[in-house]
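> quick check, what structure comes out for this input:
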Amino acid sequence: MGINSGLSLITASDEALADPGKRAAIADFLKRLNKANDWAIANPDAYAQVYAKLSRLPLNTSKSITQRGA
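As a prediction, this is how the structure comes out:
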């Protein structure tokens, strides 16, 4: 199981995928997203700290949230 809850979707229209520039940008985004997910799984404490900072939640709360997504 990964960190993503599975409650979201990433979609692209046929029109966007037919455009070489947009297709490349979408592929780059997906690679970056996977890299970020891999980092978060490998670094759960650091991920919780980043999540706490961005969400402005207490670290203990952030750890609970990020652990549930793992």
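> CA atoms for contacts and neighbours, from now on please.
Fine.
> for the lowest-mean-pLDDT helix or strand in the chain, buried residues please.
Least confident helix or strand of the chain, by mean pLDDT, DSSP states H and E, is helix 59-68 with a mean of 90. Using 16 or more other CA atoms under 10 Å as the burial criterion, the residues of helix 59-68 that qualify are 59, 62-63, 66.
> which strands and helices sit next to it?
helix 44-55 (3 or more CA pairs under 8 Å, 6 or more residues apart in numbering; DSSP states H and E).
> so the helix it packs on versus helix 59-68, what angle?
Between helix 44-55 and helix 59-68, the angle formed by their directions is 120 degrees, by axes from the mean of the first three to the mean of the last three CA atoms, to 10 degrees.
> what's the spacing between helix 44-55 and its chain's center?
13 Å (CA atoms, centre = their mean, to the nearest Å).
> do stretch 21-41 as well
9 Å.
> alpha carbons only: can I get that stretch in PDB?
Provided in PDB are the C-alpha atoms of stretch 21-41 (Å, rounded to 0.1, in the frame of the first residue of the first chain):
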ATOM      1  CA  GLY A  21       4.000  19.400 -25.300                       C
ATOM      2  CA  LYS A  22       1.100  18.800 -23.000                       C
ATOM      3  CA  ARG A  23       1.700  15.000 -23.000                       C
ATOM      4  CA  ALA A  24       5.400  15.600 -22.000                       C
ATOM      5  CA  ALA A  25       4.300  17.900 -19.200                       C
ATOM      6  CA  ILE A  26       1.800  15.400 -17.900                       C
ATOM      7  CA  ALA A  27       4.400  12.600 -18.000                       C
ATOM      8  CA  ASP A  28       6.900  14.900 -16.200                       C
ATOM      9  CA  PHE A  29       4.300  15.700 -13.500                       C
ATOM     10  CA  LEU A  30       3.500  12.000 -13.000                       C
ATOM     11  CA  LYS A  31       7.200  11.100 -12.700                       C
ATOM     12  CA  ARG A  32       7.600  13.900 -10.100                       C
ATOM     13  CA  LEU A  33       4.500  12.800  -8.200                       C
ATOM     14  CA  ASN A  34       5.800   9.200  -8.000                       C
ATOM     15  CA  LYS A  35       9.200  10.400  -6.900                       C
ATOM     16  CA  ALA A  36       7.600  12.500  -4.100                       C
ATOM     17  CA  ASN A  37       5.500   9.500  -3.100                       C
ATOM     18  CA  ASP A  38       8.500   7.300  -2.900                       C
ATOM     19  CA  TRP A  39      10.400   9.800  -0.800                       C
ATOM     20  CA  ALA A  40       7.500  10.200   1.600                       C
ATOM     21  CA  ILE A  41       7.300   6.400   2.100                       C
END
